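Engineer: Can you look at this prediction? I've put the sequence above it.
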Number of protein chains: 2
Amino acid sequence: MSVSPPILHGGRIDLARAHFPQAPEPWIDLSTGVSPYPYPFPPLAPEVFTRLPDVAALAELERIAAIAYRAGPQAQVVAGAGTQAFIQSLPRIRPARRVAVLGLTYEEHAAAWRAAGAEVARVETLEEIAAAEVGVVVNPNNPDGRLEPAARLAETARAMAASGGLLIVDEAFADFLPAEASLAPRAGEESLVLLRSFGKAYGLPGVRLGFALCGAGLAERLRAILGPWSVSGPALAIGAAALADAPWLAGRGLVLAQDAARLDGLLAIAGFEIIGGTSLFRLVRHAAADRWFAHLARCGILTRRFGERPDRLRFGLPAAPAAWERLARALESGRNGL
Amino acid sequence: MSVSPPILHGGRIDLARAHFPQAPEPWIDLSTGVSPYPYPFPPLAPEVFTRLPDVAALAELERIAAIAYRAGPQAQVVAGAGTQAFIQSLPRIRPARRVAVLGLTYEEHAAAWRAAGAEVARVETLEEIAAAEVGVVVNPNNPDGRLEPAARLAETARAMAASGGLLIVDEAFADFLPAEASLAPRAGEESLVLLRSFGKAYGLPGVRLGFALCGAGLAERLRAILGPWSVSGPALAIGAAALADAPWLAGRGLVLAQDAARLDGLLAIAGFEIIGGTSLFRLVRHAAADRWFAHLARCGILTRRFGERPDRLRFGLPAAPAAWERLARALESGRNGL
C-alpha cells in the first residue's frame, strides 16, 4: 500500500482562522455539505457508552436503515463508522487494477483505490464506467449535483455483472431526493454497492455512521474487514432514532429546499452563476472566485474551493438568521468591490 | 481475504437471556474485562456531534494520550476507533506469512492474521516470538494475567528488528499496573507496535477508542489505512477529558484492586482455584466450571467460558452493592449444590 498526501476537505475552520486571523468570530462554516439542522436525538442512555456496542442493536439499526432507505428485499445493509469506512475497505475486499470514476467528484474514492495500487481514470460517461473493472458514481454528484437516473445506473450495474465488474454508487447526498432517484430498491446484486451517509442529511457527521447496501457476498466480506464493534454505541442509538423518523427528514427536506433557493437568489444577485448542487450545497462559478473566497473568509465565512477548478466555489447552507444576515452583507459588500 | 466464523466474545447478554429466559433481571454482566466504573465525563458539546471530527482535536487527543501512556519521545501515537481497528489493520499494512501468538489469549489477533492469509502458531516462549516474522504478546495477558517484564519484551523487539520482524504488544489491560510494566517509554522503533485500549480501564467501551504507539513509518501507514475521521466526535471529547485525568485513574486503580481481592475471596470460598487475572477480571479453575456457568446464568449472572479450556471461567468485577450481594448469594447457593 502506498501512502498519498492527504486530501484537503471542507470544514477546516482551524486552517481558515490561521490564514485569516482578523476575521470576525464565530466563523460561519459553509465549506461542507452537512445539513445545518442536526437531528434532535433523545438523551443517550449511559449504557450507550458503558457497554460494548450491542450485536442486537447493530442488527436493529441495520433493519431500520433498510426500511428508511427502501432497500430491496435481496439487499444486505451493513453499518459502518461513516461512508469513509467503506470507501477505505472496498479496494481491499475487491481488488482491481483499473478503476473508473465518473467526473470531477468527491476525491476520497480515487485516493483509496490509488492507495491500494489501482490505476484510476476519470471518465465522462456511464458507458466508460460500464467498461471498467470497478466504476464509481457519486449520485447526486458532489460538488455539481449531476444526477444519473437510477434506471441507467441499474443498467450499468447489470452490464458490469456480465464481465464480473463492480459498480459503486455513492448516494451520500440522496436523502432529500424523491425515493425514485435512489438505487436502493435494486441493491442486492453482487455487481452493485450502494453507499449511504448518515451524518450529512441528519447534520451529525461527528457521530460517524454510514451504510453499504449490497449483495450477501460483499456484505460478508465488508463485515469481516470492519471487524466487531466498528460502530460506536452513540452511533447505534442516534442512528436508530433518526432513521426511524421519516416525518422529521421530510420536514427538513422542505426547509432545505427553501434555504437552497434563498441561497441561489443571494448568490445570483452577487453575480455568481449557479452551476448546480443539492439541497445541502450549491456550486457556483465566478471569474473572480478566488477573490470572493478571500473576501468571504475575511468576513468569517468559509466556503469550499476546488484546486482543479479555480473559478468555482461551493456554498453550504447557513442555518441561523444571524448567519444568513452575515452572508447577505458579505455578498453585498463583495459585489460593491472585492 | 478469507472469511472466518465470528469469535464469541463476552458481553452477549442478549444470547444469555435467550438461553436462560427464567433468569432474574437485570442481568449482571461479569463476562467482560471492562471496568464497572465509567469515567464521569462532562456533558458533550453539540459540536461534538454536529461537526466532522476536528483534525486539531484528533492531534490534541493523541498528544494527551502520549502523556497519559508515557510514550517515549520517538513514539508516534495514532488514535483509532478501538484497539480492534488496529488489530484489523496491522495484517494489511504489514503482511506476513507466519505469525506467532504467545499462549492462549485474546482471539481477535490470530483471527485477523488468519483472515489476511497468514499461518498463525500459538507459541509458549518469547524466544519463539522473537523467531517469528510477526509476534503477538498480550501483556498482561487476557485471560490469565501473565505478565512479561517490559525489559524482556524490549529485548524481543530488538532481536526482531535485526531480522525485519515486528512485535505487537497489546497492553489492553495495562492501565492499572505500575508504569514500569508498560513498554510505552520504548515505543518508537519500527519493530514494535504497542496497542492501548481506552474503553476497558475507563469503563466506556461503547465510545470506541484505542491507540497504537509505534514508529513513524508504521504510524503513517496506519493513518492512511484508517482514513480521515475514523475517531468519532464523542470519542475525541471523552478520550481527551479522561486521559488527562490521572488522579481519577489512580483512584479507580485502588478501588479495583480491593474489588479484585474481594472477588478472589468469594470465589475461593466457593471452591474455585484462582489462576490469575488483572484488576479488571479474574480467571478461575473448577472441575465443574460448566455447571457453575449454568448455575450463575440461572441466577442472572453472566461469566465468560473458554471453549478450549472447559474447566475455566473468567469473572469481571461487579460494581453496585446489589450486584455484589447477588453474586455472593449465587456463589453460596452453588456451593451448597450446583
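Structural biologist: Nice, thanks for sending it over.
Engineer: Flag every residue of the stretch 101-250 of chain A that's near chain B.
Structural biologist: With CB under 8 Å from any CB of the partner chain as the criterion, the stretch 101-250 of chain A meets chain B at residues A:108, A:112, A:115, A:199, A:203-208, A:220-221, A:224-235, A:238. C-beta here means a position set from N, CA and C on the backbone, and glycine is covered the same way.
Engineer: Filter those down to the buried ones, ChimeraX style.
Structural biologist: Buried residues within those, by 16 or more other CB atoms under 10 Å in any protein chain shown, are selected in ChimeraX with:
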select /A:108,112,115,199,203,204,205,206,207,208,221,224,225,226,227,228,229,230,231,232,233,234,235,238
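Engineer: So which bits of the lowest-mean-pLDDT helix or strand in chain A are buried?
Structural biologist: Ranked by mean pLDDT, DSSP states H and E, the weakest helix or strand in chain A is helix A:13-19, scoring a mean of 91. Residues of helix A:13-19 classed as buried under the neighbour-count rule (16+ other CB under 10 Å) are A:I13, A:A16, A:R17.
Engineer: thought the second one was touching A:I301?
Structural biologist: What that stands for is A:A16. No: using CB atoms under 8 Å, A:A16 and A:I301 do not qualify as a contacting pair, with a distance of 9.2 Å.
Engineer: what is in contact with these two at once?
Structural biologist: The contact sets of A:A16 and A:I301 overlap at A:W27 (CB atoms under 8 Å, 6 or more residues apart in numbering or on different chains).
Engineer: Would you format the buried residues of helix A:13-19 as a markdown table with distance to chain B included?
Structural biologist: Output for the buried residues of helix A:13-19, formatted as a markdown table (distance: CB to the nearest CB, whole Å):
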| residue | distance to chain B |
| --- | --- |
| A:I13 | 8 |
| A:A16 | 12 |
| A:R17 | 10 |
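Engineer: Pipe these into TSV and attach distance to B:F49 per row.
Structural biologist: What follows is these, written out as TSV (distance: CB to CB, whole Å):
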residue	distance to B:F49
A:I13	16
A:A16	21
A:R17	21
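Engineer: Can you identify the element that follows the helix ranked longest in chain A toward the C-terminus?
Structural biologist: Taking DSSP state H as the criterion, chain A has its longest helix at helix A:246-269. Using DSSP states H and E, the helix or strand that follows helix A:246-269 towards the C-terminus is strand A:273-278.
Engineer: Residues in contact with the next helix or strand after that next one: which ones?
Structural biologist: Of the helices and strands lying after strand A:273-278 in sequence (DSSP H and E), the nearest is strand A:281-285. Residues outside strand A:281-285 that contact it (CB under 8 Å, 6+ apart): A:32-33, A:142-145, A:173, A:260, A:263-264, A:267, A:272-277, A:304, A:311-317.
Engineer: Chain neighbours aside, what residue packs nearest to A:A56?
Structural biologist: With sequence-adjacent residues excluded and distances taken as CB to CB, 6 or more residues apart in numbering or on different chains, A:A56 is closest to B:D14, at 4.5 Å.
Engineer: okay, how far is it across stretch A:47-55, tip to tip?
Structural biologist: Using CA to CA, to the nearest Å, one end of stretch A:47-55 lies 14 Å from the other.
Engineer: Over to stretch A:195-215?
Structural biologist: One end of stretch A:195-215 to the other measures 13 Å (CA to CA).
Engineer: okay, and for chain A, where does confidence drop off?
Structural biologist: Residue ranges of chain A with pLDDT under 70: A:1-6.
Engineer: Break it into its domains for me.
Structural biologist: Domain segmentation of chain A under automatic domain parsing yields A:13-38+A:247-337, A:52-244.
Engineer: ok now the longest one, how far from the chain's centre?
Structural biologist: Spelled out, that is domain A:52-244. Using CA atoms, centre = their mean, to the nearest Å, the distance from the centre of domain A:52-244 to the centre of the chain it belongs to is 10 Å.
Engineer: Also the shortest one?
Structural biologist: Distance, stretch centre to chain centre, for domain A:13-38+A:247-337: 17 Å (CA atoms, centre = their mean).
Engineer: check contacts around A:H295.
Structural biologist: With CB under 8 Å, 6+ apart, A:H295 has these contacts: A:A330, A:S333, A:G334, A:L338.
Engineer: Now rank those by neighbours and give me the top one.
Structural biologist: Each of the contacts of A:H295 was scored by neighbours using other CB atoms under 10 Å in any protein chain shown; the highest score is A:A330's, at 22 neighbours.
Engineer: Wait, it touches A:C299, no?
Structural biologist: Yes: with contact defined as CB under 8 Å, A:A330 reaches A:C299; the gap is 3.9 Å.
Engineer: and A:H109, how far is that from B:A162?
Structural biologist: Applying CB to CB, to the nearest Å, the value for A:H109 to B:A162 is 41 Å.
Engineer: ditto for A:R282
Structural biologist: 59 Å.
Engineer: Which parts of the stretch 151-300 of chain A are helices?
Structural biologist: A:216-226, A:233-243, A:246-269, A:289-298 (DSSP state H, counting those that start in this stretch).
Engineer: Return the most buried member of those helices.
Structural biologist: Compared across the helices of the stretch 151-300 of chain A, helix A:233-243 shows the largest average neighbour count, a mean of 25 (mean count of other CB atoms under 10 Å in any protein chain shown).
Engineer: Give me the contacts around that one.
Structural biologist: By CB under 8 Å, 6+ apart, helix A:233-243 touches A:39, A:41-42, A:44-45, A:47-49, A:51-54, A:57-58, A:60-61, A:64-65, A:67-68, A:79, A:81, A:198, A:202, A:204, A:207-209, A:231, A:248, B:49, B:206-208, B:232, B:234.
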